[in-house]
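**Q** Predicted model follows, preceded by the sequence.
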Amino acid sequence: MIFNKEGSTTIITQEKTTIVQFVKGVEDKYESLKNDNIIINLFSLKTFTVDDLNEFLRVSNAHKATKHSFVIVTDKISYEDAPAEITIVPTLQEAYDLVEMEEIERDLDF
């Protein structure tokens, strides 16, 4: 797992591990990430399924409940197939844009 902090956002990139191990790693490091917006970069994965995406559901819901963004970057799953509780985008730039929009909404109390 690679962690790259940029301002109030941490980008976590998947290396060579299973999705279950990756999610466990995020949960283990969560205490140091809880005050950041989190972008999970899974773009390098050759395969990624809705079942894999659902592994992130618990940490995503917990993080969003603290009024921070949690975005997964993958082009392997369409918006229509993803659970409504999980935010996915196909590119890293869209993830940055989405985090910025959500921060503006939180600042305006939307």
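**A** It's in.
**Q** pLDDT score for the closest residue to I86 other than its chain neighbours?
**A** Leaving out its chain neighbours, the residue that sits closest to I86 by Cβ to Cβ, 6 or more residues apart in numbering is S60, at 5.2 Å. C-beta: built from backbone N, CA, C; applies to glycine. Per-residue pLDDT puts S60 at 95.
**Q** helix/strand/coil for S60?
**A** Classification of S60 using DSSP: H, G, I helix; E, B strand; the rest coil returns helix.
**Q** mind listing the strands for the chain?
**A** 2-6, 9-13, 37-41, 70-73, 87-89 (DSSP state E).
**Q** Can you redo the ones you listed as JSON lines, where the extra columns are mean pLDDT and mean neighbour count?
**A** JSON lines is the format used below for the strands of the chain (pLDDT from 0 to 100; neighbours: other Cβ atoms under 10 Å):
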{"stretch": "strand 2-6", "mean pLDDT": "92", "mean neighbour count": "12"}
{"stretch": "strand 9-13", "mean pLDDT": "95", "mean neighbour count": "19"}
{"stretch": "strand 37-41", "mean pLDDT": "96", "mean neighbour count": "23"}
{"stretch": "strand 70-73", "mean pLDDT": "96", "mean neighbour count": "24"}
{"stretch": "strand 87-89", "mean pLDDT": "95", "mean neighbour count": "21"}
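**Q** OK, contacts around F48?
**A** Contact analysis of F48 by Cβ atoms under 8 Å, 6 or more residues apart in numbering lists 19, 42, 74, 76-77.
**Q** Write down the beta-bridge partners of I11, one by one.
**A** Beta bridges link I11 to N4, I39 when assigned by DSSP bridges.
**Q** Surely it is in contact with N41?
**A** Yes. Applying Cβ atoms under 8 Å, one finds I11 in contact with N41, separated by 5.7 Å.
**Q** anything in contact with each of these two?
**A** L92.
**Q** if we can go back for a sec, what residues does the residue nearest to I86 make contact with?
**A** Contacts of S60 by Cβ under 8 Å, 6+ apart are 70, 72, 85-87.
**Q** Thank you, goodbye.
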